[in-house]
Every structure is written in C-alpha cells, then in structure tokens.
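Participant: Can you look at this prediction? I've put the sequence above it.
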There are 2 protein chains.
Amino acid sequence: MPPDVHEPDLHPPDLHQDVAARLAGRDGRYTGSRRDLIQALAEAGRPLTVDEIVERSPRQRPSSVYRNLAVFEAQGVVRRLAGVGDLARFELTEALVGHHHHLACQTCGAMTDVQLPHDLEVRLDEVLTQLAHSEGFTLSSHELDAVGVCQACSEGEN
Amino acid sequence: MPPDVHEPDLHPPDLHQDVAARLAGRDGRYTGSRRDLIQALAEAGRPLTVDEIVERSPRQRPSSVYRNLAVFEAQGVVRRLAGVGDLARFELTEALVGHHHHLACQTCGAMTDVQLPHDLEVRLDEVLTQLAHSEGFTLSSHELDAVGVCQACSEGEN
DNA sequence: ATGAGTGCAAAGGCTTTGCATTAGG
DNA sequence: CCTAATGCAAAGCCTTTGCACTCAT
C-alpha cells in the first residue's frame, strides 16, 4: 500500500487542538482571536483575503490579523497565496486540510477548493519531479489553479 | 511529425511584428521603450517583476513600465501573474509564446518556464473542465506551478 | 501639428511596524 | 506578575494617476 499522504482530519475540535499544539511549541498563545481566525479559514473551505477574515472574526483588527497570519505561517498552519486577483489570500496548510487545488473566477476573484483524481495527482507529481530534476530543482510541491468564470458572473454579465 | 500545438514562433523579428500588429489595431505606437520591454520579456523566458524589466530596459521608468504593461495586457500581449512571492510578475501571453508552466524556487523566487507532455496537458484539461462544470464554472485556462528549491539555493544554503 | 507616450511627483491601497495598553497563563 | 497579544496610528512599499513635456507619425 502506497504511503498516501492525503486526507488529514479537519473536524473543528481536532483542528483547534492541532493548531494549539503547533503554537504551544514556541511560546504561542492560542487566544480567542486566533481561534476565530482559524475557525474562519476552516469554515470557508477556500482561501480568504484579510478583509474576509475580519468580517468573519470581527474582534481583531486587520493589523492583528496580519500578525497572526504571519505567526501561523511560520508554524506551518497557514499558507499565503498570491491568488488570481491582486490581494493576498490565506488558507490552512495542506498539513491540516490535505492536498487540494483551486477553481478561481477571473471576474470576481472568488475561489473554491477542488480535488483532483488520485491517479492524475500521482502522474502530475511524477512528471513535475522529473522536470524539476532536469532543471536542477528539488521539487517540494505543486500548485494548480483552474481559472474560469463562476456562475454568478457569467449570468450577471459583470 | 505530430501536430503538436505548442511552439509558436517567437524569434525576435516575428515577435515584434506580431506585437506591433496587435498594437496598431487601436492606435498604439510601438515605441523603442515598448520594444525594449517586449524584448526583455522574450529574452528572459520567464516571468519578470517590474524591477527586473527596468534593469533590462533602462530607458523607461517604473511608472511607464506599469503603463505599458497595462496596455499590452489589454491587447493580450502580456499577462500578469501573482507569482510565488509578493511582487507582481509579467510574461508574454501564451498566444505569443505558447502554453507552458513554471518552476519556481521557493527560496529566491526565481522562475523558469517548463512544458508538460502533451497527453498530460490534455488529461488535465479534461478533468479540470469537468470539475469546473460541476461547480458551475466555465473553465478558460489553468495555471500549474511546480515549487521547489533551485540548485543555487540548495547549494548556497541561503 | 496633434495626439500618444513618458517622466516626475503625488496619491492610493494593502501590509507592516512602533509603542502603549490589555490580557492570557 | 510577566510576557505575549492587540489596537491604533504612522510608516513602508508597490502600483496608479495627474500633469506637463516630448516625441512619433
């Protein structure tokens, strides 16, 4: 049986325990604000901008959100991605929510998480590993985003 | 010889003619500065930041580079991508240089263009089209970046 | 000559940082 | 109690924009 890495548990209780544990290592406090932040990212199930996080976790100001995101990023809990638009988006790392990709709307910037069939994922990794090797790179991961127009935008003709 | 879709001509002369033609349509002038900009992107063979463009095309200031990039983007000559780091990177569109992906160094931010085997590309499109459809999206393209550590960074242990 | 293109400087917008205050453990 | 965490406001930085000048056609 192959050492399949995917599908970690992400049920809220376990998630918060996991995050708290990663923070505890280096004198980090899992405050209510930070818990709200993680909860927001977990519930969204897609990358969020700082503004979207603030909406969902109103007790912390943007500056604190940025600081907390930086802390989480350093602990491998949160990942920052550049996204299709111009604002930074953040999501829980694959260590917490598993490997996945994104479907992004080129019109409104909305994103959704999606999963690829396992065999395609494997093939991709094989090919990319080889390609990277031939360029002198050591592959560590890959990012695949499907870009298109979401239903709302194609209907509303925004 | 297989009807391989990729590999459009991008030999400097043809490239500039192509770009000039696209600009000419809507009263755009292919000035020396603009030519330098396109030349820089073509020679790099990878996405460049605005600073990198200015280094390679010193006769235009950043503000002009941004303006020209915006013009080229509107004409489908240049594409802006969010990149792995935090600064915007720009590259010639696939209409000019063909479909390709990137290999990015997570340490220094360097990027290189890479090509996937045709069959994998086809399979990817099939799967993504279907996935997008099931989410109400109309797929228009996909972006795949391999992330790793380049030779220089793994040796220098930056 | 006539309007596009460019430089310069100021404005914008997201993100980061300094400092004093609050609060978690 | 003691240090981390937070709010607020100021600073930073990349990017955009206004305006006058220059240049291509």
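Facilitator: Happy to help now that I have it.
Participant: Mind pulling the model confidence for residue A:85?
Facilitator: Looking at residue A:85, its pLDDT is 61.
Participant: Please give the number of neighbouring residues around residue A:88.
Facilitator: Residue A:88 has 17 neighbours, counted by other Cβ atoms under 10 Å in any protein chain shown. For the C-beta atoms, the positions are set from N, CA and C on the backbone; glycine is no exception.
Participant: In chain A, where's the longest strand?
Facilitator: Counting by DSSP state E, the longest strand found in chain A is strand A:138-149.
Participant: following that strand, which helix or strand comes up?
Facilitator: helix A:151-156 (DSSP states H and E).
Participant: Can I get that following helix in PDB? Just the C-alpha atoms.
Facilitator: This file holds the C-alpha atoms of helix A:151-156, laid out as PDB (Å, rounded to 0.1, in the frame of the first residue of the first chain):
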ATOM      1  CA  GLN A 151     -22.000  31.100 -12.500                       C
ATOM      2  CA  ALA A 152     -22.900  34.400 -10.800                       C
ATOM      3  CA  CYS A 153     -20.500  36.300 -13.000                       C
ATOM      4  CA  SER A 154     -21.500  34.600 -16.300                       C
ATOM      5  CA  GLU A 155     -25.200  35.300 -15.500                       C
ATOM      6  CA  GLY A 156     -24.900  38.700 -14.200                       C
END
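Participant: one step back: could you check whether the longest strand of chain A is close to chain B?
Facilitator: Yes. Using Cβ under 8 Å from any Cβ of the partner chain, strand A:138-149 reaches chain B at A:138-149.
Participant: Given that strand, what are its sheet partners and their directions?
Facilitator: Here strand A:138-149 has these sheet partners by DSSP bridges: strand A:101-105 (parallel), strand B:138-149 (antiparallel).
Participant: Mind listing what's buried along it?
Facilitator: A:139, A:142-149 (16 or more other Cβ atoms under 10 Å in any protein chain shown).
Participant: now residue A:73: how far from residue B:106?
Facilitator: Distance from residue A:73 to residue B:106, counting by Cβ to Cβ, to the nearest Å: 13 Å.
Participant: which residues touch the closest residue to residue A:107 other than its chain neighbours?
Facilitator: Of all residues not flanking residue A:107 in the chain, residue A:153 sits nearest, at 3.9 Å (Cβ to Cβ, 6 or more residues apart in numbering or on different chains). Residues near residue A:153 by Cβ atoms under 8 Å, 6 or more residues apart in numbering or on different chains: A:105, A:107-108.
Participant: Check residue A:43 too.
Facilitator: Taking Cβ under 8 Å, 6+ apart, one finds residue A:56 in contact with residue A:43.
Participant: right, is the helix or strand that contains it up against DNA strand D?
Facilitator: Using DSSP H and E, residue A:43 falls within helix A:32-44. Yes. Residues of helix A:32-44 contacting DNA strand D under Cβ under 7 Å from any atom of the strand: A:33-34.
Participant: Parallel or antiparallel, which strands does the following helix or strand past that helix pair with?
Facilitator: The first helix or strand that comes after helix A:32-44 along the chain, using DSSP H and E, is strand A:48-49. Its sheet considered, strand A:48-49 pairs with strand A:89-92 (antiparallel) by DSSP bridges.
Participant: my guess is residue A:32 contacts residue A:59, does it?
Facilitator: Yes. Counting by Cβ atoms under 8 Å, residue A:32 does reach residue A:59; the two are 7.1 Å apart.
Participant: on that earlier part again, including pLDDT, could the residues of strand A:138-149 next to chain B go into a markdown table?
Facilitator: Below are these laid out as a markdown table (pLDDT from 0 to 100):
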| residue | pLDDT |
| --- | --- |
| A:138 | 95 |
| A:139 | 95 |
| A:140 | 91 |
| A:141 | 90 |
| A:142 | 92 |
| A:143 | 90 |
| A:144 | 93 |
| A:145 | 90 |
| A:146 | 92 |
| A:147 | 89 |
| A:148 | 90 |
| A:149 | 91 |
